[in-house]
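> With the input below, show me the fold.
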Amino acid sequence: MRPQQSGERVAREGVVVDDEDPGSHVLLIGRGASADKTRMRRQRTELQAWLWGEVVLCLLLAASLALLLTFPTLRTQYDLPQLLLVLETVMALAGILVALLAGARFSVVGSRTDLLLAAGFLIWSLSMAAFAIIPALDGASLDRADGWAALAGGIAGQGLIALAPFVGGRSGARDRALRDAVLAAAVALAAVWVLLRAHGGSLPALTALPGAGGVPPGLASALAVQALLNLLAVVGWGRLLVKTRDDLAQWLALGFTLQLFAALHLVLAPPRGTMYVAAGDYLRLLAFGVMLVGAWRAIRSAEIGRAVAEERARVAREIHDGLAQYLFAVSTHAQMLEAGTPVEEVGPQLKQAAALAQQEARFAILALSSASGTAPFDSALRRYVEFLTADGDLAVDLEIDPHIRLAPDEQIEIFRIVQEGLGNVRRHANATRAEVVIGRRASGERFVSVEDDGEGFPPGAETTGQGLRNMRDRAASIEGGLDIRSTPGLGTALEVVLRA
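Residues are numbered from 1 along each chain as shown. Now for the predicted structure:
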């Protein structure tokens with residue numbers, strides 16, 4: 001079909017290369033798609049494993065629910081207010097932790113899904129704490145206003161959580177969005193409590209006692225809505241897992257599967273009293289534990305993702321500040337040759353720019369490999385000094401404290417600061433010797449110093465160079481301070497004091 005498509009294609013319609021040997025692109029794109037297919041197969045296998053796990057879990061929970069319905073004697077409920085208080089306290093704390101972790105991931109990623117997730121768990125947990133736990137601390141039964149406020153807050157929170165996976169996009173003002181979400185949750189809970197307190201006498205009962213005519217219609221409707229929201233959450237987070245392979249979605253779908261059957265327990269076997277412990281309470285506790293584990297894994301993954309993004313930005317800056325400048329010079333001189341400029345005039349400059357680009361590529365590899373841990377920092381810096389002093393024009397003494405510890409972001413910035421400092425020594429100082437020290441003082445302060453015996457410069461002149469400004473920016477990026485002292489005729493001393 002390739003010759004036919006090539007003949008039919010209109011000029012500039014596509015970018016497909018028809019008549020080149022694909023083998024010539026092996027170095028750029030690799031030989032085959034086996035790696036990609038392997039990754040897709042692995043993802044498909046993991047998704048199938050999760051689906052089968054959900055099916056098995058639902059079957060087990062459905063079987064246990066059927067047993068409870070078939071044998072009423074198994075539907076035992078215990079009047080243990082202290083145990084119920086402990087269970088609800090643990091669930092409220094777990095929910096608040098999930099809200100905090102989701103909020104932390106929102107501050108990193110900015111997804112509106114995480115914002116709704118954090119708001120939902122916050123409303124759910126705060127309503128449980130304010131209307132179920134605190135009033136029960138004195139050991140008395142909950143009144144109808146508090147009980148219905150706790151139930152309404154739980155339904156509102158679960159509604160936001162069920163809606164979250166269907167909402168996409170990212171939020172710009174993340175701090176303000178989190179603050180507004182917390183404020184809205186507090187206002188909503190206060191409004192619900194005031195409203196229910198004003199109409200407490202007309203509210204239906206929260207329990208169904210034997211022989212009392214079954215479950216009040218209002219309570220049955222609220223419990224059914226709660227179960228429906230849990231089912232919607234299972235579908236939504238499962239759909240998000242299939243779409244994005246988000247690890248948090250997997251744990252939330254699992255947790256809300258447990259919540260769904262806990263809600264069904266309440267629908268089919270309502271509690272005999274507000275202080276009774278039923279089988280569904282243990283399922284709720286297990287569900288909160290599962291979702292807490294998922295949120296913790298998610299925030300760890302988000303922090304790793306942020307570190308990767310910062311490292312990519314740092315690599316881009318390294319290329320822009322170093323190699324790209326020399327490649328631009330090579331391109332400019334090549335264009336001058338193409339325009340007819342004599343080779344004798346452009347050739348030496350082109351050769352020098354190419355040599356500098358090659359040297360800068362070596363330096364960048366050393367810097368990035370030391371920061372990523374594939375090459376020790378001290379050996380990478382020593383190799384750079386060897387490259388720099390190979391022509392014998394400058395002697396450099398390098399001293400590195402073997403006990404000093406440098407973070408990865410500090411390593412690459414210190415490498416670049418030393419590189420820039422020694423480069424200035426070679427280009428401008430007319431020095432014969434320089435000394436680089438990376439060590440620790442008796443007070444524990446870590447420092448980096450670059451000193452030379454060159455010409456120096458008068459005070460105030462150090463602020464005019466772009467290289468020195470770059471060094472200040474690099475020091476600030478790792479929370480360090482840079483100080484430069486120079487005396488005409490006596491040399492220059494540069495020192496970076498690193499963060500504690």
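
> how about the strands in the stretch 401-500 of the chain?
Along the stretch 401-500 of the chain, the stretches classed as strands by DSSP state E, counting those that start in this stretch are 433-440, 446-452, 481-487, 491-497.

> which one of those lies closest to G53?
Counting by C-beta to C-beta, G53 lies closest to strand 446-452 out of the strands of the stretch 401-500 of the chain; the figure is 49.3 Å. Backbone N, C-alpha and C define where each C-beta goes, glycine included.

> From L323, how far out is the residue nearest to T257 when sequence neighbours are not counted?
Here the nearest residue to T257 in space, its sequence neighbours aside, is V234; by C-beta to C-beta, 6 or more residues apart in numbering that works out to 5.4 Å. Distance check for V234 against L323: by C-beta to C-beta, to the nearest Å, it reads 51 Å.

> neighbour-wise, which of the two wins?
In this view V234 and L323 are compared by other C-beta atoms under 10 Å, and V234 has more residues nearby, 22 against 18.

> Which pLDDT does the model give the more buried one?
In this prediction, V234 carries a pLDDT score of 91.

> Might one say that it is in contact with G255?
No - between V234 and G255 there is no contact, the gap being 9.2 Å when judged by C-beta atoms under 8 Å.

> before we move on, the earlier item: so how far is G159 from the residue nearest to T257?
Looking at V234 against G159, where the rule is C-beta to C-beta, the gap reads 14 Å.

> How about L241?
Here the distance between L241 and G159 works out to 20 Å (C-beta to C-beta).

> and A355, how many neighbours does it have?
Applying the criterion other C-beta under 10 Å, we find 11 residues in the vicinity of A355.

> Least confident of the strands of the stretch 401-500 of the chain, on average?
Ranked by mean pLDDT, the strands of the stretch 401-500 of the chain bottom out at strand 481-487, which scores a mean of 88.

> Just the residues contacting that strand, thanks.
Counting by C-beta atoms under 8 Å, 6 or more residues apart in numbering, the neighbours of strand 481-487 from elsewhere in the structure are 417, 456-459, 461-462, 468, 471-472, 475-476, 492-497.

> let's see it at 6 Å
Residues lying outside strand 481-487 but in contact with it, judged by C-beta atoms under 6 Å, 6 or more residues apart in numbering, are G456, F457, E462, M471, R472, A475, T492, A493, L494, E495, V496, V497.

> on that earlier part again, for G95, which of the strands of the stretch 401-500 of the chain is the nearest?
strand 446-452 (42.1 Å).

> Using PDB, list the CA coordinates for that closest one.
Taking C-alpha atoms only, strand 446-452 is exported to PDB below (Å, rounded to 0.1, in the frame of the first residue of the first chain):
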ATOM      1  CA  ARG A 446      29.200  23.100  54.900                       C
ATOM      2  CA  PHE A 447      30.900  25.300  52.400                       C
ATOM      3  CA  VAL A 448      32.400  25.400  48.900                       C
ATOM      4  CA  SER A 449      35.200  27.900  48.100                       C
ATOM      5  CA  VAL A 450      37.100  28.700  44.900                       C
ATOM      6  CA  GLU A 451      40.200  30.900  45.300                       C
ATOM      7  CA  ASP A 452      42.800  32.000  42.700                       C
END
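
> gap between it and the chain center?
In terms of C-alpha atoms, centre = their mean, to the nearest Å, the centre of strand 446-452 is found 35 Å from the chain centre.

> and the angle from that strand to strand 491-497?
Between the axis of strand 446-452 and that of strand 491-497 there is an angle of 170 degrees, by axes from the mean of the first three to the mean of the last three C-alpha atoms, to 10 degrees.

> Neighbouring strands - and their directions - for strand 446-452?
For strand 446-452, sheet partners with direction are given as strand 433-440 (antiparallel), strand 491-497 (antiparallel), following DSSP bridges.

> neighbouring contacts of the last one?
The set of residues that contact strand 491-497 without belonging to it, under C-beta under 6 Å, 6+ apart, is 421, 447-454, 456, 475, 480-486.

> run the last query once more with 7 Å
Counting by C-beta atoms under 7 Å, 6 or more residues apart in numbering, the neighbours of strand 491-497 from elsewhere in the structure are 417, 421, 429, 431, 445, 447-454, 456, 475, 480-486.

> Which parts of the protein belong to which domain?
Segmentation of the chain into domains, based on automatic domain parsing, reads 44-310, 389-500.

> deepest of the ones you listed, which one?
domain 44-310 (a mean of 18; mean count of other C-beta atoms under 10 Å).

> How far away from the center of its chain is that domain?
Between the mean C-alpha location of domain 44-310 and the chain-wide mean there is a distance of 24 Å, by C-alpha atoms, centre = their mean.
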